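Engineer: Sequence and predicted structure are below.
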Amino acid sequence: NAGVTQTPKFQVLKTGQSMTLQCAQDMNHEYMSWYRQDPGMGLRLIHYSVGAGITDQGEVPNGYNVSRSTTEDFPLRLLSAAPSQTSVYFCASSSTGGITGELFFGEGSRLTVL
Amino acid sequence: GIQVEQSPPDLILQEGANSTLRCNFSDSVNNLQWFHQNPWGQLINLFYIPSGTKQNGRLSATTVATERYSLLYISSSQTTDSGVYFCAVAPGSRLTFGEGTQLTVNP
């Protein structure tokens, strides 16, 4: 079992560029979510999904899109990168208790926007 | 929204020492979790503990939901315990994370 796999681990973008952070889990978890971690601010919820075909916004959704076409995959798209999106991004999955159930995190993706 | 306060913000220990980390929250919760983020950035779920006490090896956690706090105990600390410890709470359908306690265990 690989658990939750995120790619890429590091990425540098220029302002205005778009990109997709990939997240895949092999635990057959229904619930998946994306968080961003900024210094001194803990983790904040960007978007989440309660099952294939169902997504919703979290606390800080602006500038990001998600889709959930399969149970396994939950990509996060940055439409037009801005320096304020420089952060470390974590994907998480959970099997029970919704997106607040016991969370399993990927290793994170460090994004720098110049 | 709910406020989550962790203390202390920083803690430095010698290997073998015991420590207690605290998480206070401002509203009733139905979910509380403790996480460890190691120096390489990996986040590991330590406890899912909305109430009561749980133990896992040298770590244990107690949540007193009626008084709106949780404690994480680390006994006989090891250098591998270093990192940031987060608590996260949910009064509803979303988790709110505290800012973490940075723990450094020196050999």
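Structural biologist: Nice, I can see it.
Engineer: How about the contacts made by the residue in chain B that chain A sits nearest to?
Structural biologist: When scored by C-beta to the nearest C-beta, chain B has B:Phe97 as its residue closest to chain A, at 3.5 Å. Bear in mind the C-beta positions are built from the backbone N, C-alpha and C, glycine included. Taking C-beta atoms under 8 Å, 6 or more residues apart in numbering or on different chains, we find B:Phe97 in contact with A:Gly42, A:Leu43, A:Arg44, B:Val4, B:Phe86, B:Cys87, B:Ala88.
Engineer: is the second one in a bridge, and if so with what?
Structural biologist: Spelled out, that is A:Leu43. Judged by DSSP bridges, the bridge partners of A:Leu43 are A:Gln37.
Engineer: That one: neighbour count?
Structural biologist: The number of residues packed near A:Leu43 is 28, by other C-beta atoms under 10 Å in any protein chain shown.
Engineer: Residues of chain B that sit close to chain A?
Structural biologist: Residues of chain B found near chain A (C-beta under 8 Å from any C-beta of the partner chain) are B:4, B:31, B:33, B:35, B:41-45, B:48, B:86, B:88, B:90, B:93-100.
Engineer: Is it possible to mark the buried ones in these?
Structural biologist: For those, a burial check counting by 16 or more other C-beta atoms under 10 Å in any protein chain shown picks out B:4, B:31, B:33, B:35, B:41, B:43, B:45, B:48, B:86, B:88, B:90, B:94-100.
Engineer: thinking again about what came up before, okay if I get the contacts of B:Phe97 as CSV plus distance to B:Ile74 and pLDDT?
Structural biologist: Formatted as CSV, the contacts of B:Phe97 follow (distance: C-beta to C-beta, whole Å; pLDDT from 0 to 100):
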residue, distance to B:Ile74, pLDDT
A:Gly42, 20, 83
A:Leu43, 21, 92
A:Arg44, 26, 94
B:Val4, 19, 95
B:Phe86, 14, 96
B:Cys87, 14, 96
B:Ala88, 18, 94
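Engineer: tell me which parts of chain A are close to chain B?
Structural biologist: Close to chain B, as judged by C-beta under 8 Å from any C-beta, chain A has residues A:40-45, A:48, A:58-59, A:88, A:90, A:97-105, A:107-108, A:110.
Engineer: on that earlier part again, between the contacts of B:Phe97, which is nearest A:Lys14?
Structural biologist: A:Arg44 (24.1 Å; C-beta to C-beta).
Engineer: can you give me the strands for the chain?
Structural biologist: By default, I'm working from chain A. A:4-7, A:10-13, A:19-25, A:31-37, A:43-51, A:54-57, A:64-66, A:76-78, A:87-94, A:104-105, A:109-113 (DSSP state E).
Engineer: meant chain B, my bad for not saying
Structural biologist: B:4-7, B:10-14, B:19-25, B:31-37, B:43-48, B:52-56, B:59-64, B:69-74, B:83-90, B:96-97, B:101-106.
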